[in-house]
Every structure is written in C-alpha cells, then in structure tokens.
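>>> quick one, structure for this:
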Amino acid sequence: MFRRSKTQTPAPSAPEPVSPPNRLAPRSPSEAIKPTAAPPPPEKPVRERGGLLAAVSGFLTLFVIVGLGAILGLVVLERQTNEAGPLQADKVVVVPRSSVGEMADLLRREGVIAHPMLFELTARFGRKASLKAGEYNFKAHASIDDVVDVLVQGRSVQHAITFPEGLTSEQIVARLNDNDILTGDINETPPEGSLLPDTYKFERGDSRQKILNLMRTKQREVLNQIWARRSPDVPVRTPQEMVTLASIVEKETGRADERPRVAGVFVNRLMKRMKLQSDPTIVYGLVGGRGTLGRGILRSEIDRVTPYNTYAIEGLPPGPIANPGRAALEAVANPSRTKDLFFVADGTGGHVFAETLEAHNRNVARWRQVEKAKAAADPAAAIGVDKVEPPPQADPAALPPRTGLPGAPLAYDGGEAGPTPRSRAFDASEGTARDPLRNKTYDLSSPKTVPVLSQPKAAPTSRNP
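Residues are numbered from 1 along each chain as shown. Model (predicted):
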C-alpha cells in the first residue's frame, strides 16, 4: 500500500490591504497642497487614410489655390483694362461687321489699343452684349474698357446733312446723291413741296431713301400742326394750297422777319383777285425742278404763258415751286395784317413794301439808284441772275442793262440779249447772300410735266398786281 506522504502546506498569509484606486496615499501637508499633474491623454489610434478621402482633400486644396489665383488675375486684368490707352488724340475709326479678333487687330493697327488679347478677353467675358459695327469716335487715351463700352452701346458718329429752305425736290435729291457717306439709290423724285427742309442726322451707311422718307414724314407732321391753327381769313382751301403759297413766299425772301409780311401781300392780292406776279414762278415754269435759270429773266419769258407763270395766270399755280420750311408755312397760315400790295428789293437783302402803285413806283426809282451805284462801284456785282452766277461761257457784258418795270411786286424790266443790249433782266429776290444755291447749278434728270390749263386772260400792259 502506498502511503501518501504528507506535505506541509504553508498556512495562507493574510491578504494585503488593497487601497481604493482613486485613493491617494497619505502625504505630508506640504505635498498635499501642491497641485497634482493630470494624467496624459490617451494616444489616438492611427488610422490609414483612404484613397477617396485623399483625392477629395487634394481637389479642395487645388480649388482654393486656383480660386485665389483667379481672383488675383481678375484684379490685375481689371486694373489693366482701365489703364489709359495709347491713343494720343481723338480718332474716328470705321469698324466693319467682323469677329472680335478681327476688331481687336483693326483697333491695334489704328493705335486705339495696345493689347488685342486683353481686348478679346474683356469683350468675350466682361460684357454680355455683342460688339456692334459702325463708325466710332474714340477719345484720346481711351482705356480698353472704354473702347469695349463704345462698341457695345453702338454710339456711332452722327453725321448731318442740311437742306436750306426753298430747294426743289430735284435739288434735294441731287444733294443726297452728292453725299458719299450715305448709301443706296433713290427710288423716285418726291413730289414738289412734300419734303421738309431741315438738318437731319444720320450714321455712316444709312440710305438716301431713308433720309427722304424721314423728310416726308416730318413735312406731314408739321403741315398738319400748322394747318390746324391757321387763320380763318387765309384764302387757301387745302393744305396743298398752303404749301404752294408758302413755296412762293419762301422763294421771294430769305429774311425771317419779312416772311409774314410778304405772305400778307400775296394774301391781299388773292383776296382782291389780283395776279400774284411772282418772278420765281416764271423760273419754275421754265425749268421745273432744276429751280434755277443761271441767268436773269428776260422780257419774253415774263410774257411766256406757262401753268406756273403768275404773271399770266390768275390765282395760285397748280402746285408748289419748291419745298418751303416751317417758318414760311407759319407765315402763310398767319400772315401780317396789312394793306400792302407791292414790294421791291431795297438793295440790302430785304424789301420795301407799298400799298399803292404810286408809292411802289417811288420805291422802284430808289432801287434803280441803288443798282446804278452798285454798277459804278463793281460792275460784276450788279449783274442780277436767278439763284446762281452766269455759266462760265456766258459773257456778262453781253447781258442787257437792268432797269425796272413799275407796277410789279419785284422791279425789273427785261429784254432779249442780242447785239444791241437793252435792259438787263433780273429777279430782285434771287442771288442774295442767303441764297442756298448760290454758285451751284443742277441739271434736270427728267422732263417736268405740268397740268394743261386753259388760256389765261391777257395781262394788263401796266402789269399792275
């Protein structure tokens, strides 16, 4: 039998006292009052960054850098576009319809800009509207921003063409055709008296027909306004008759202060059923829309019967003899209230008026003296012609000397030019410094047709108006 040996098991020792985990060991009073250092924070676990997160982070960083660069670039570009340009003085440049790049090259060649690429960037991305072609006046030292602004707004150069009062429609068409800034052909010559003489603005490339259409529109507007406020005593029955009488007044005087009084003379004569005896109507009856003889009126032409010759017909001619302006229309609509029946040139560009033939003859005598004095001082200046100087081939010395015909509203007495010079024909209202067609003639481009009228009564030999 096995005998279990006895082993001596040591007696269990008493367990050591365990201090609470947060219980501090007793310290000395000096140590107890000292602050205890906080334990260090636990270390963060190291996590590996994924591929997507790294890409997003890099993209955001790049975006911020690019954004800052773009802002800096825009600031620099804005500063450069507002810098003064190379142009030393104002300059007009015609910019045709083309691409932005071609416009930039043109402006660089013209010295308006120095940086075409900067101009393109500003035009493409700095403006929402497109650039407009046209003729522009660029100011000296205009910046790129200023140049682009001009092209975007289309502030083209405004040209002007002036038509003096009293031109015929053919003469107006001739002036339009002479203008090399306007374009296109004119469809047809407008009716006489249908255009309003004035100054009209236009841009390079506008058509001539556009100007004519505008003149007709303005004439209708003005005529309707004036006709609505005309005097009831004026013996004109239609707006067209008012235009006809206004055209005669326009051709008789170029002085604004005389128009109402001249209109009053013709109104008085119409009321008394007297012939108007206006020499511009003789001219129109002879040459039509050309509007000028280029010489004086001859005695035989005074007697020649035409539908427009108011020495031969009674009342108004069949239509206007020119295009009157607003002032002449106003004068006819509200003429001066006088008893004047005659007027004659006074030698200063104006006229003297008379109520009787006797007074008129005295005025004619004074006018003859003025003419003689002018002839003595300057023979060439005394030559009276209709609107223009005689043609170069004409010899002024061959023209008959000028006197006067008593009893006519304008004093003249004419004779045919021939080997034996007699009196020189002239039109006292023509050839003044105010004459818009002085020293310029126009040829007829088409024959002028006028209505056929019955044979008028024979004019009295004294030519009393």
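>>> from residue 229, how far off is residue 120?
For residue 120, the distance to residue 229 equals 58 Å [CB to CB, to the nearest Å]. Where C-beta positions appear, they are placed from N, C-alpha and C, glycine not excepted.
>>> neighbour count winner among these two?
Neighbour tally, residue 120 and residue 229, criterion other CB atoms under 10 Å: the higher count belongs to residue 120, 18 against 9.
>>> which residue is the nearest non-sequential neighbour of residue 350?
In space, and not counting its chain neighbours, residue 350 is closest to residue 255: 5.5 Å by CB to CB, 6 or more residues apart in numbering.
>>> thought residue 346 was touching the one you found, still the case?
No. The criterion here is CB atoms under 8 Å, and residue 255 misses it with residue 346 at 10.7 Å.
>>> tell me how many other residues crowd residue 83.
Residue 83 has 13 neighbours, counted by other CB under 10 Å.
>>> equivalent analysis for residue 136, please.
Residue 136 has 22 nearby residues by other CB under 10 Å.
>>> part of a helix, is it?
No. When classified by DSSP: H, G, I helix; E, B strand; the rest coil, residue 136 is found to be strand rather than part of a helix.
>>> mind jotting down where the helices sit in the stretch 251-400 of the chain?
Remark: helices assigned in the stretch 251-400 of the chain by DSSP state H, counting those that start in this stretch are 259-271, 279-287, 299-303, 326-333, 357-377.
>>> any stretches of the stretch 151-300 of the chain with poor pLDDT?
Scanning the stretch 151-300 of the chain for pLDDT under 70 picks out nothing.
>>> still on that earlier bit, for residue 178, find the nearest of the helices of the stretch 251-400 of the chain.
Residue 178 sits nearest to helix 279-287 of all these, at 19.4 Å, using CB to CB.
>>> quick one: strands adjacent to the stretch of helix or strand residue 94 belongs to?
Using DSSP states H and E, residue 94 falls within strand 91-95. The pairing partners recorded for strand 91-95 under DSSP bridges are strand 134-138 (antiparallel).
>>> give me the buried positions along stretch 224-242.
Within stretch 224-242, the residues scored as buried using 16 or more other CB atoms under 10 Å are 226, 230, 234, 236, 239, 241, 242.
>>> mind saving the C-alpha coords of the helix or strand residue 209 falls within as CSV?
Following DSSP H and E, one finds residue 209 within helix 208-228. These are the backbone C-alpha positions of helix 208-228, laid out as CSV (Å, rounded to 0.1, in the frame of the first residue of the first chain):
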residue,chain,number,x,y,z
ARG,A,208,-30.5,108.1,-99.1
GLN,A,209,-34.1,106.8,-99.3
LYS,A,210,-34.2,106.7,-95.5
ILE,A,211,-33.5,110.4,-95.3
LEU,A,212,-36.1,111.2,-98.0
ASN,A,213,-38.7,109.2,-96.1
LEU,A,214,-37.9,111.0,-92.9
MET,A,215,-38.2,114.4,-94.7
ARG,A,216,-41.7,113.4,-96.0
THR,A,217,-42.8,112.2,-92.6
LYS,A,218,-41.6,115.4,-90.9
GLN,A,219,-43.3,117.5,-93.5
ARG,A,220,-46.7,115.8,-93.0
GLU,A,221,-46.4,116.3,-89.2
VAL,A,222,-45.5,120.0,-89.4
LEU,A,223,-48.1,120.7,-92.1
ASN,A,224,-50.9,119.1,-90.1
GLN,A,225,-49.9,121.1,-87.0
ILE,A,226,-49.8,124.4,-88.8
TRP,A,227,-53.0,123.8,-90.8
ALA,A,228,-54.9,123.1,-87.6
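>>> residues of it that come out buried?
Those would be 208, 209, 211, 212, 214, 215, 218, 219, 222, 223, 226, for helix 208-228 by 16+ other CB under 10 Å.
>>> follow-up on the earlier one: if we look at the strand holding residue 94, which residues are touching it?
Outside strand 91-95, the residues that touch it by CB atoms under 8 Å, 6 or more residues apart in numbering are 103, 106-107, 110-112, 131, 133-138, 151, 157, 204.
>>> which residue sits closest to residue 248, ignoring its sequence neighbours?
Distances taken as CB to CB, 6+ apart place residue 278 nearest to residue 248, at 5.1 Å, with adjacent residues excluded.
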